[in-house]
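In: Predicted model, plus sequence, below.
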Amino acid sequence: METKNSFDAAAIWQEHEPYIRKFCTYKLQSHPDAIEDCMQEIFLALSHSLQNGTVIAYPKAWLTKVADNIIKDFYEKECTAVKRTVPYDVKKLERTEIFYPDEELTSLSEEQISQLKEEVFLRLTDYEQKLLHDRYAEKKSFAEIAGEQNTNENNIRQRLYRLKKKVKEIIKQLLDD
């Protein structure tokens, strides 16, 4: 048996669905596959609101506003996803080093790794040791380290990048010996 609110939702939807579909189609031109999902979300919002006792005085305006909010949320999520995607840049790609896990390192025992760490650490300057300790043992941010050293974050990032390369070279030398 249908309740009055579900009947109201169906009647309101039947009257305004063509306009809302046109609105969604226009706003989601670049994503036609998202139109049906948007329409479903709008109808669900209408049904839930009516079931919760919301009085909708101007259904077309209410539906349009709900549709607009859902579409804005959709584009915000997409924008966030795009920001997290690394853009394709041929020049950067050519400079990117390929990382292969060293089989030699994975076959080492805990004792051998500990010994290797000590040997690497001894080959570093006091400053380099402190920088590694601050970043990885103390888990300080780049901003914290930069503040302590009266420099900027980019400078610290660059120093750590170079230091990591140096550590890799030292490890390679130690393993080759």
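Out: Structure's in. What do you need?

In: What's the local residue count around residue 63?
Out: 23 (other C-beta atoms under 10 Å). C-betas here are computed from N, CA, C, even on glycine.

In: Let me know the pLDDT of it.
Out: Note on residue 63: pLDDT of 97.

In: and what of residue 98?
Out: pLDDT recorded at residue 98 is 59.

In: Which positions in stretch 154-171 come out as buried?
Out: 156, 159, 160, 163, 167, 170, 171 (16 or more other C-beta atoms under 10 Å).

In: for stretch 25-32, that is, sorry about that
Out: For stretch 25-32, a neighbour-count test (16+ other C-beta under 10 Å) marks 27, 28 as buried.

In: what about the helices in the chain?
Out: Taking DSSP state H as the criterion, the chain carries its helices at 4-27, 35-51, 59-84, 90-95, 103-106, 110-122, 126-132, 142-149, 153-176.

In: Between the ones you listed, which has the poorest mean confidence score?
Out: Looking at the helices of the chain, the bottom one is helix 103-106 with a mean of 60.

In: still on that earlier bit, hey, which of the helices of the chain is tucked in deepest?
Out: Of all the helices of the chain, helix 35-51 has the most neighbours on average by mean count of other C-beta atoms under 10 Å, namely a mean of 17.

In: So which other helices or strands are in contact with that helix?
Out: On a contact count with 3 or more C-beta pairs under 8 Å, 6 or more residues apart in numbering; DSSP states H and E, helix 35-51 meets helix 4-27, helix 59-84.

In: Please convert the ones you listed to CSV, extending it with distance to residue 110.
Out: Below are these laid out as CSV (distance: least, C-beta to C-beta, whole Å):
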stretch, distance to residue 110
helix 4-27, 58
helix 59-84, 36
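
In: Indicate which one of the ones you listed is closest to residue 132.
Out: With C-beta to C-beta, the closest approach to residue 132 among these belongs to helix 59-84: 28.4 Å.

In: what about that closest one, distance to the chain center?
Out: Taking C-alpha atoms, centre = their mean, to the nearest Å, the mean C-alpha location of helix 59-84 is offset from the chain mean by 19 Å.

In: what packs against that helix?
Out: For helix 59-84, where contacts count as 3+ C-beta pairs under 8 Å, 6+ apart, the packed elements are helix 4-27, helix 35-51.

In: Kindly reformat the ones you listed as a markdown table containing distance to residue 109.
Out: A markdown table is the format used below for the helices and strands packed on helix 59-84 (distance: least, C-beta to C-beta, whole Å):
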| stretch | distance to residue 109 |
| --- | --- |
| helix 4-27 | 61 |
| helix 35-51 | 53 |
